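Trainee: quick one, what's the 3D model for this:
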Amino acid sequence: MSYFKKLTNSIFEKLIIRQDMSVIYLLLTISIIVAILFFFAFIYSVKSGQYDDSYTPSVRMLFDDELITDKQKKSTLD
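Mentor: Next up, the predicted model:
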């Protein structure tokens, strides 16, 4: 085996060993940053009134009331 092949094999082995866990750390860091960004976007949308429902209260009187279908039981003791 030539010196160049031995050198490149040892370099690649060291790089592979060092990159195994670094990918996990990178992915964890990116996912935590994305989660924090979504959390702040949610808090901002709630505070700015994005989820306020202004349409339903104005048309609530147009909806039909639900019918009460409870039948009163007759007593047989009468």
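Trainee: mind checking which helix or strand Ser31 is in?
Mentor: For Ser31, the host element (DSSP states H and E) is helix 3-47.
Trainee: after that helix, next one along is what?
Mentor: Helix 3-47 is succeeded, C-terminally, by helix 56-59 (DSSP H and E).
Trainee: please save the CA atoms from that following helix in CSV.
Mentor: Taking C-alpha atoms only, helix 56-59 is exported to CSV below (Å, rounded to 0.1, in the frame of the first residue of the first chain):
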residue,chain,number,x,y,z
THR,A,56,-69.5,34.2,15.1
PRO,A,57,-71.0,36.5,17.8
SER,A,58,-72.6,38.7,15.2
VAL,A,59,-74.5,35.8,13.6
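Trainee: list the contacts for Tyr51?
Mentor: Ser45 (Cβ atoms under 8 Å, 6 or more residues apart in numbering). The way it works is simple: take the backbone N, C-alpha and C, and place the C-beta from them, glycine included.
Trainee: quick check on it: phi, psi?
Mentor: The phi/psi pair for Tyr51 (degrees, to the nearest 10) reads phi -100, psi 10.
Trainee: can you tell me how far it is from Ser58?
Mentor: Here the distance between Tyr51 and Ser58 works out to 17 Å (Cβ to Cβ, to the nearest Å).
Trainee: tell me the buried residues in the least confident helix or strand in the chain by mean pLDDT?
Mentor: Here the helix or strand of the chain ranked lowest by mean pLDDT, DSSP states H and E is helix 56-59, holding a mean of 75. Applying a neighbour-count criterion of 16 or more other Cβ atoms under 10 Å, one finds nothing buried in helix 56-59.
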